[in-house]
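*Asks:* What follows is a protein structure lacking sequence information:
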């Protein structure tokens, strides 16, 4: 069997207090899989995303991303791994306000290797923003800002796309546009890990990982409405 | 991309950048003023201080003990020695000839006025003398030969240049052989006024001179009759002779080398001796005067020279302290502005780190921003400093200070250093920011 893109073994994260954000979590995510992380507030979704994004380190356990054991890495190595393997999409978009859409995409290229304007233009064209290249974030709608954010996350061809509530701040129309892009990316073979509260968004994923109090409650193939369907504990944590 | 990022980032924070640049400019202008004033004013202050009188007395070398009280020399007549007036232009041929700004020869002798002895002093009032031109060569024990080109062919000097504070009631002497100035105390005692005839007995012969003016000097001259040197030489029967010369020379304060040379200049190693000889301390100038006039002994008026040295030293120290203070304050100013910028840009920095920026890439932005502020502030400060130097020169020292380009690289370097030192801590702080926390704060 091919090794998974993401493997978490007994991963725990404890904050001073102590607050247990994640408790002995075991997850594997295969290449090209779309996984939705769901659960109530405080269940550890964002902590999980931070660990997978190499923005934080676990208190214990082992995390492997694309075959690299992340846990013992220092800050510099984590930064390198993040820029090489991870694309981040935020609920709040987090675009640099004084840079145009094009420059925001080029910024990620600059930190990765070298800014390439043609390539950045193409990335924005792929998310339908070819006529918004020189617009500042303040001149773009929420959906357009999120599409810039997606283009920025994709520009360095990451192994995994981590999205934190990507449609959380969008109206229905823009949400659909963004979800269409995610579906297309999934079809193209991108590995997507998405935190969401929205069960409708969750149903688009290959698998829903449900967390509660930092623990894995279930990992299952979504039905039309996963929260009305009975949760089946003990479903194997392997990709569908 | 870095410069695009920098340009746009700066454009969005014009006010804060202007403030930082201004802070750096203030420090840079202080540095520029310090350098320009220190480089140019040493001589200017020296010249200014020279207005307070001579700092060197040149007298004939003689064995007999000579005592001077109230300007009157007490020495046995047979043993009295004199210098030749014709040798005096040699004072302007020494290595530091340029620093001899004025001199005035004197010849004094006693005359009788109203049966009382009075000192008659002859001097140059305002004399222009020709100077030997060409290049003078100075050979040293090290084998080096230093050449000094004489730029002046004529030199105007005399008591008006050496003692410009003399106050005159009446006028200066117009007829050198028939007119005299009378010291104010003596004039009061003799009850004479400008225009009166002054009868005097010289060597048993009765002579009369018309009083051109009454002079107030605050010194021994107030009890003397002052005439042209040539007239005194004729009256005293000493043609071509002078008994002392007051010299006004620009000198720099003594330092360690000057102190070593003071004890025994000839005992210095050849390299040190050359350096000592070619430095305008008071002692090398005395040494060189005695070289030029072998029959003379040059003596420093130590109190004057030392007071001048101390004044220049204190002035330089004060300016150094003010500049240092300005630089420290600016450093804090830059640090405060940069720290505020870091706080304002926390989310942006967090995002950049999340996108894969490492510490050095984050710090580089702040360092580059500070460098730009340093360069801009340095240039503005250098320009402002040059203008301020001129202003200080004309307002404080009554002479224009000419700012020199040599100060520009130093000013820019120090402005840059202040900006970078001020930005170092905030840049490090920015580089250390945790992206998880900073991004979460903006949610």
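*Replies:* Ah, there it is. These numbers come from a predicted model, not from an experiment.

*Asks:* do you know how far residue A:170 is from residue B:154?
*Replies:* Using C-beta to C-beta, to the nearest Å, we find residue A:170 at a distance of 92 Å from residue B:154. All C-beta spots, glycine's among them, are computed from the backbone N, C-alpha and C.

*Asks:* These two: which is more packed in?
*Replies:* Using other C-beta atoms under 10 Å in any protein chain shown, the more surrounded residue of residue A:170 and residue B:154 is residue A:170, with 21 against 9.

*Asks:* List the contacts of the more buried one.
*Replies:* By C-beta atoms under 8 Å, 6 or more residues apart in numbering or on different chains, residue A:170 lies in contact with A:142-143, A:146, A:178.

*Asks:* sec struct for it, please.
*Replies:* The local conformation at residue A:170, judged by DSSP: H, G, I helix; E, B strand; the rest coil, is coil.

*Asks:* Is the host helix or strand of residue A:82 positioned near chain B?
*Replies:* Assessed by DSSP states H and E, residue A:82 sits inside helix A:75-85. Yes: using C-beta under 8 Å from any C-beta of the partner chain, helix A:75-85 reaches chain B at A:75-76, A:79-80, A:82-84.

*Asks:* So what sits opposite the spatially most central residue of chain A in the bridge?
*Replies:* Centroid check for chain A by C-alpha atoms, centre = their mean gives residue A:162 as the closest residue, at 1.2 Å. Beta bridges link residue A:162 to residue A:88, residue A:193, judged by DSSP bridges.

*Asks:* where does the closest residue to residue B:292 other than its chain neighbours land in three-state SS?
*Replies:* Distances taken as C-beta to C-beta, 6 or more residues apart in numbering or on different chains place residue B:90 nearest to residue B:292, at 4.3 Å, with adjacent residues excluded. Here residue B:90 is recorded as helix under three-state DSSP.

*Asks:* and the closest residue to residue A:55 other than its chain neighbours, what is it in contact with?
*Replies:* In space, residue A:55 comes closest to residue B:436 once its chain neighbours are excluded; the distance is 5.0 Å by C-beta to C-beta, 6+ apart. If a contact means C-beta under 8 Å, 6+ apart, then residue B:436 has A:50, A:55-56, B:350 as its contacts.

*Asks:* Tell me, what's the model's pLDDT at the single nearest residue of the stretch 151-300 of chain B relative to chain A?
*Replies:* Proximity of the stretch 151-300 of chain B to chain A (C-beta to the nearest C-beta) peaks at residue B:256, 50.9 Å away. Looking at residue B:256, its pLDDT stands at 84.

*Asks:* Sheet-wise, list the partners of the helix or strand bottoming out on mean pLDDT in chain A with their directions.
*Replies:* Sorted by mean pLDDT, DSSP states H and E, the helices and strands of chain A end with strand A:215-220, the least confident at a mean of 84. Strands that pair with strand A:215-220, judged by DSSP bridges, come out as strand A:207-212 (antiparallel).

*Asks:* in the partner strand, what counts as buried?
*Replies:* Within strand A:207-212, the residues scored as buried using 16 or more other C-beta atoms under 10 Å in any protein chain shown are A:207-211.

*Asks:* ok, residue B:14 - contacts?
*Replies:* By C-beta under 8 Å, 6+ apart, the contact list for residue B:14 is empty.

*Asks:* From chain A, how far out is it?
*Replies:* Relative to chain A, residue B:14 is positioned 12 Å away (criterion: C-beta to the nearest C-beta, to the nearest Å).

*Asks:* hmm, back to that, go through the least confident helix or strand of chain A and flag the buried ones.
*Replies:* Neighbour counts using 16+ other C-beta under 10 Å place A:216, A:218-220 of strand A:215-220 among the buried residues.

*Asks:* What are the boundaries of the strands in the stretch 51-200 of chain B?
*Replies:* Here the stretch 51-200 of chain B has its strands, by DSSP state E, counting those that start in this stretch, at B:56-60, B:67-69, B:72-74, B:83-84, B:100-113, B:116-123, B:127-130, B:135-139, B:145-149, B:154-157, B:167-170, B:179-183, B:197-202.

*Asks:* Tell me which of the ones you listed sits most buried.
*Replies:* strand B:179-183 (a mean of 26; mean count of other C-beta atoms under 10 Å in any protein chain shown).

*Asks:* If we ignore the residues flanking it in sequence, what's nearest residue 81?
*Replies:* I went with chain A, as the question did not name one. Residue A:81 sits nearest to residue A:54 (C-beta to C-beta, 6+ apart), 5.1 Å away.

*Asks:* Oops, wrong one, chain B.
*Replies:* Nearest one to residue B:81, counting by C-beta to C-beta, 6+ apart, is residue B:60 at 3.7 Å.
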